[in-house]
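**Q** Prediction below, plus the sequence it came from.
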Amino acid sequence: MTATPQKVPIPKITAPRAPSSRELGFWMCTALVVGNMIGSGVFMLPASLAPYGWNAVFGWLLTIGGAVCLAFVFAGLAREFPKAGGPYAYTQEAFGPLVGFMVAWSYWISLWVGNAAIATGAVSYLSAIFPAIAEVPGLHLLVTLGAVWLMVAINIAGARLAGGVQVVTTVLKLLPLVAVAGLAFWVIGRDHGASLTPFRAADIHPGGITAAGALTLWALLGLESATVPAGKVVDPVRTIPRATLVGTVFTGVIYLLVCSAVVLLMPTDTLKVSNAPLSDFVGLYWGGNAGKILALFAAISAFGALNGWVLLQGEMPYAMAKGGVFPAFLAKESARGAPVRAHLLSAGFLTVLVLMNYAKSMADLFTFIALVATTASLFAYLACALAALKLQASRRIAPTTTLTVIALLAGVYSVWTLVGAGGQAVLLGVGLLAVGAPFYWLTRGRGAK
């Protein structure tokens, strides 16, 4: 009798897993960083920098250097602690839940407060194309709130859809900036630089560079964007650091070329009173219709930034709830992996803020938003630089000379920019932190376990 042959198990070949609706890859994370930094501000920034001339160029160089140092710190922390929440997660690891909460509290408030300004700015650009938005009473308000809730709906549908929207809008918003940079190079090449504002060493002074540096940082806020939704990122240990560094360097170079070209190629008196500096610059060579085209792309740019920041304003309270310092009901996700309740809470506050401030002038509103968002982010940046030093000192991270030196530089840069922001901005930021302290003690122990 022959023996019955035994069945040999056939290895099961598993197909590569397709990205789910919860996953953000390298290009989506990079688009989130670039898209959040390039909003509506770049289209107005040259007017603010006009009085500083060549000081603005040096301010940009220092800001880009500081931003790259901060991006390196965030990349190092994300590599060691790929957790959702970004600044909140890192400062909590280093200094405990109270400091982590205070940083996250101010950062979260700056997100939805800043989104109110981005939304109103986006719709204001649209009004240049569709005058009825500005002329019909209440229509601007309805369109603004409609834009906010459309972006909330996109993010509730899933992080991957929001990431796809971010990639498309980032590509579109880069087109006019590349066009402006190309036009500037053409003008300089045509007259061999004769159109440029003459460089005079006597005009360069520390005060002007510091003031310009504080303004330029406002345009680079968002370099940490890829660290916040870490739970939705594919291979976060590799993806987040790469996206953070690449996105920061790329955006910094674009800003330096575009803003410096406009500041140095247009008359200062004309530029500093311009309501649309990029449009006016292009209009000198391409005609008046360029203004409407630039307005359209400015609106696209602002809506893209709004989409990215709405993603973060939902992920931040979700991460805080998961960490146990926000109410546990905010830690729930939908079937698509979206923190719906956290999105609705942040969007609700955003809506109330828009309604309350709608009667104020847009200039006053934007000034207030810039102060709040910049100071809140600076406190978070400084805390993360100190966290990198603390985690190395306690051996939670393998100490390296490179990270230590760059974290020190990032900390010095954050303090320097706080000085440039002025005493009012610093006091506003401290007040924002102080408001969060009682809330921490009220919610302590009631969050998710």
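**A** Thanks, I have the structure now.
**Q** Per-residue pLDDT of the most centrally placed residue in the chain, please?
**A** Geometric centre of the chain, nearest residue: residue 222, 2.1 Å, by Cα atoms, centre = their mean. Listed pLDDT for residue 222 reads 79.
**Q** from here on, count from 315
**A** Done: numbering now begins at 315, and the last item shifts to residue 536.
**Q** Where do the strands of the stretch 365-514 of the chain begin and end?
**A** Ranges of strands in the stretch 365-514 of the chain, per DSSP state E, counting those that start in this stretch: none exist.
**Q** any weak-confidence spans in it?
**A** Residues of the stretch 365-514 of the chain meeting the criterion pLDDT under 70: 398, 473, 477.
**Q** these two touch, right, residue 624 and residue 466?
**A** Yes - here residue 624 reaches residue 466: they are 5.8 Å apart, a contact under Cβ atoms under 8 Å. Backbone N, C-alpha and C define where each C-beta goes, glycine included.
**Q** who's more crowded, these two?
**A** residue 624 (29 against 25; other Cβ atoms under 10 Å).
**Q** And that one, how far from residue 720?
**A** Distance from residue 624 to residue 720, counting by Cβ to Cβ, to the nearest Å: 31 Å.
**Q** helix, strand or coil for the residue nearest to the centre of the chain?
**A** coil (DSSP: H, G, I helix; E, B strand; the rest coil).
**Q** what's the answer for residue 664, then?
**A** Residue 664 is classified as helix under three-state DSSP.
**Q** if you skip the residues just before and after it, what's nearest to it?
**A** Excluding its sequence neighbours, the residue lying closest to residue 664 (Cβ to Cβ, 6 or more residues apart in numbering) is residue 426, at 4.4 Å.
**Q** So that neighbour is in contact with residue 658, correct?
**A** No - the criterion here is Cβ under 8 Å, and residue 426 misses it with residue 658 at 11.7 Å.
**Q** which of these two has more neighbours?
**A** Using other Cβ under 10 Å, the more surrounded residue of residue 426 and residue 658 is residue 426, with 25 against 14.
**Q** give the contact list for the more buried one.
**A** 627, 660, 661, 663, 664, 667 (Cβ atoms under 8 Å, 6 or more residues apart in numbering).
**Q** mind checking how far it is from residue 476?
**A** For residue 426, the distance to residue 476 - Cβ to Cβ - is 16 Å.
**Q** still on that earlier bit, residue 542: which of the contacts of residue 426 is nearest?
**A** Using Cβ to Cβ, residue 627 comes nearest to residue 542 of the contacts of residue 426, at 9.5 Å.
**Q** and residue 539, what is it in contact with?
**A** Applying Cβ under 8 Å, 6+ apart, the residues near residue 539 are 346, 347, 350, 351, 561, 622, 626.
**Q** If you drop the residues flanking it in sequence, what lies closest to it?
**A** Computed as Cβ to Cβ, 6+ apart, the closest residue to residue 539 that is not its neighbour in sequence is residue 350, at 4.5 Å.
**Q** Quick one: classify that neighbour as helix, strand or coil.
**A** helix.
**Q** My read is that it contacts residue 627, right?
**A** No - applying Cβ under 8 Å as the test, residue 350 and residue 627 come out as separate, 11.2 Å apart.
**Q** Name the nearest residue to residue 740, ignoring sequence neighbours.
**A** residue 732 (5.7 Å).
**Q** same question but for residue 708, I mixed them up
**A** Spatial nearest neighbour of residue 708, excluding adjacent residues (Cβ to Cβ, 6+ apart): residue 408 at 8.0 Å.
**Q** Likewise for residue 669?
**A** residue 455 (7.6 Å).
**Q** so residue 623 touches residue 424, yeah?
**A** No - the criterion here is Cβ under 8 Å, and residue 623 misses it with residue 424 at 9.7 Å.
**Q** quick one, which of these two is more surrounded?
**A** Of the pair residue 623 and residue 424, residue 623 is the one with more neighbours under other Cβ under 10 Å, namely 28 against 25.
**Q** helix, strand or coil for the more buried one?
**A** helix.
**Q** which residue sits closest to it, ignoring its sequence neighbours?
**A** residue 429 (5.1 Å).
**Q** what's the answer for residue 341, then?
**A** Residue 341's closest residue in space is residue 481 (Cβ to Cβ, 6+ apart), at 6.3 Å.
**Q** Look up how far residue 491 lies from the one you found.
**A** In terms of Cβ to Cβ, residue 481 sits 16 Å off from residue 491.
**Q** These two: which has the busier surroundings?
**A** Taking neighbours as other Cβ under 10 Å, residue 481 and residue 491 compare with residue 491 leading, 21 against 18.
**Q** mind listing what the more buried one touches?
**A** 352, 356, 568, 572.
**Q** among these, who's most crowded?
**A** residue 352 (29 neighbours).
**Q** Residue 653 is in contact with residue 632, correct?
**A** Yes - Residue 632 is in contact with residue 653 according to Cβ under 8 Å; the separation is 3.5 Å.
**Q** Identify the contacts common to the two.
**A** In contact with both residue 632 and residue 653: 644, 645, 647, using Cβ under 8 Å, 6+ apart.
**Q** residues near residue 463, how many?
**A** 17.
**Q** quick one: contacts for it?
**A** Applying Cβ under 8 Å, 6+ apart, the residues near residue 463 are 661, 665.
**Q** Now name the helix or strand holding the residue nearest to residue 740.
**A** For residue 732, the host element (DSSP states H and E) is helix 715-735.
**Q** buried stuff in that helix?
**A** 717, 720-725, 727-728, 730-732, 734-735 (16 or more other Cβ atoms under 10 Å).
**Q** Over to stretch 527-540?
**A** For stretch 527-540, a neighbour-count test (16+ other Cβ under 10 Å) marks 527-540 as buried.
**Q** Ramachandran angles for residue 651?
**A** Residue 651 has phi and psi values of phi 80, psi 20 when expressed as degrees, to the nearest 10.
**Q** let me redo that: residue 641
**A** According to degrees, to the nearest 10, residue 641 has phi -50, psi 140.
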